[in-house]
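Novice: coords please:
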Amino acid sequence: MRINLRLVGVVFGALLTGPLLGSLGGCSTVVFSENTSTQRAAAVEREALIDAASQVAKTKWPHPQNASWQARFISMSPGGERLSQSETINAYLNSLSSDQSKPDQVLADAQGHLAAASALARAANAAAGSIRPVKADVSIVEEAIGDLRDTRDIYVASLKSLAKHGEPVQTTNVRELKSEFDDAIRELGAAADLLADRVDGDQTETFAAPGPNVSRGSL
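Specialist: Residues are numbered from 1 along each chain as shown. Below is the predicted model:
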């Protein structure tokens, strides 16, 4: 599993940052306090979101040099060499069992990724309905969308490679699989937009007026 150190830092920074607002204009003090159980619930939801995204990011192949995630990670082959996308596809196909239909194995692996994407969409929608989502939640989903696009391309290219080498691959199966991934990507995009809207709405409310848990000092 890949570990995005930058994103992890953002997430844990968000978890550790408390909503504290100092004195304004020298005449009043506004302090926002959150119930411990509320903070715990938000942390659990965020952990579920991160876990769901990590399942989307898991692959059965090393990550290619020319894929979009290369800007975020440096993935190495067992021998320490960076792989091109074509080399990645070959490595993946060579890892498949010769005792079973390779196209069927590719389609089964792809369905597992689609299931992971669906689970992430549910987790993202749940986070959007939580008490206080943060920008890091949006970043988690957006990065997973990038991962899913790259994963889609590997599966589609793998099926085309198998067909080129005489394996029984139906053209309709390739089109349908790509369509399923495109639908999953759109679903995640909608979930990311919902999260972003909720974050923006919370920020607007925070700066516009004090929330329900506000204690004011005397003027």
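
Novice: Show me where the protein has its strands.
Specialist: Along the chain, the segments classed as strands by DSSP state E run 23-24, 28-32, 214-216.

Novice: Run through the chain and note the low-pLDDT ranges.
Specialist: 1-35, 38, 63-82, 131, 202-219 (pLDDT under 70).

Novice: List the contacts of residue 145.
Specialist: 185, 188-189, 192 (CB atoms under 8 Å, 6 or more residues apart in numbering). In short, each C-beta sits where N, CA and C put it, glycine included.

Novice: Those, buried ones only, as a ChimeraX selection?
Specialist: Remark: buried members of the contacts of residue 145, expressed as a ChimeraX selection using 16 or more other CB atoms under 10 Å:
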select :185,188,192
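
Novice: And the contacts of residue 145, which is closest to residue 156?
Specialist: Using CB to CB, residue 185 comes nearest to residue 156 of the contacts of residue 145, at 13.0 Å.

Novice: which ones are touching that closest one?
Specialist: Applying CB under 8 Å, 6+ apart to residue 185 gives the contacts 117, 145, 148-149, 152.

Novice: Relative to residue 51, how far out is it?
Specialist: Residue 185 sits 20 Å away from residue 51, going by CB to CB, to the nearest Å.

Novice: How about residue 145?
Specialist: 17 Å.

Novice: Next: residue 60.
Specialist: In this view, residue 60 and residue 51 are 19 Å apart by CB to CB.

Novice: One more: residue 187?
Specialist: Residue 187 is 18 Å from residue 51, by CB to CB.

Novice: between those two, who's got more neighbours?
Specialist: residue 187 (18 against 12; other CB atoms under 10 Å).

Novice: report the longest helix in the protein, please.
Specialist: In the chain, with assignment by DSSP state H, the single longest helix is helix 171-208.

Novice: Buried ones in that one, by neighbour count?
Specialist: Quick answer for helix 171-208 (16+ other CB under 10 Å): 173-174, 177-178, 180-181, 184-185, 187-188, 191-192, 194-196, 198-199, 202.

Novice: can you count the residues close to residue 97?
Specialist: Number of residues near residue 97 (other CB under 10 Å) recorded here: 8.

Novice: Now do the contacts for it.
Specialist: Neighbouring residues of residue 97 by CB under 8 Å, 6+ apart: residue 105.

Novice: quick one: it and residue 60, what's the gap?
Specialist: With CB to CB as the criterion, residue 97 and residue 60 are 12 Å apart.
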